[in-house]
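Participant: coords below, sequence missing:
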């Protein structure tokens, strides 16, 4: 499934641009992580294009992955 950078986000995250080369928002990447079950930077790049340019956003993308893949407490 290809999620384009200009797709409107359904999450509550702000639409801050995370990948300036391809104009892809944090919300778009967060949605792709949640919807597609992405767990790696390579998967983010494949599904959204984010991180495929200059690579300056890789640290922010990894941080978003880390936050998104943390287990949710049961209680």
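Facilitator: On my side now, so go ahead. These numbers were taken from a predicted model, which means no experiment stands behind them.

Participant: and the residue nearest to the spatial centre of the chain, which of the three is it?
Facilitator: In the chain, the residue lying closest to the centroid (Cα atoms, centre = their mean) is residue 29, at 2.1 Å. Three-state call for residue 29 (DSSP: H, G, I helix; E, B strand; the rest coil): helix.

Participant: Am I right that it is in contact with residue 64?
Facilitator: Yes. At 5.9 Å, residue 29 and residue 64 qualify as touching, with contact defined as Cβ atoms under 8 Å. Yep, even glycine has a C-beta here, placed from its N, CA and C like the rest.

Participant: joint contacts of these two?
Facilitator: residue 18 (Cβ atoms under 8 Å, 6 or more residues apart in numbering).

Participant: now the residue nearest to the centre of the chain: how far from residue 39?
Facilitator: Shown here: residue 29 relative to residue 39, a distance of 13 Å by Cβ to Cβ, to the nearest Å.

Participant: what does residue 21 give?
Facilitator: Distance, residue 21 to residue 39, using Cβ to Cβ: 23 Å.

Participant: who has more neighbours, these two?
Facilitator: residue 21 (16 against 12; other Cβ atoms under 10 Å).

Participant: can you pull the contacts of that one?
Facilitator: Residue 21 makes contacts with 52, 53, 54, 56, 57, as judged by Cβ under 8 Å, 6+ apart.

Participant: repeat for residue 51
Facilitator: Residues counted as contacts of residue 51 (Cβ under 8 Å, 6+ apart) are 19, 41, 44, 45, 57, 58, 61.

Participant: what helix or strand does the residue nearest to residue 25 when sequence neighbours are not counted sit in?
Facilitator: In this structure, residue 25 finds its nearest non-sequential neighbour in residue 15, 4.5 Å apart by Cβ to Cβ, 6 or more residues apart in numbering. Taking DSSP states H and E as the criterion, no element holds residue 15; it sits outside all helices and strands.
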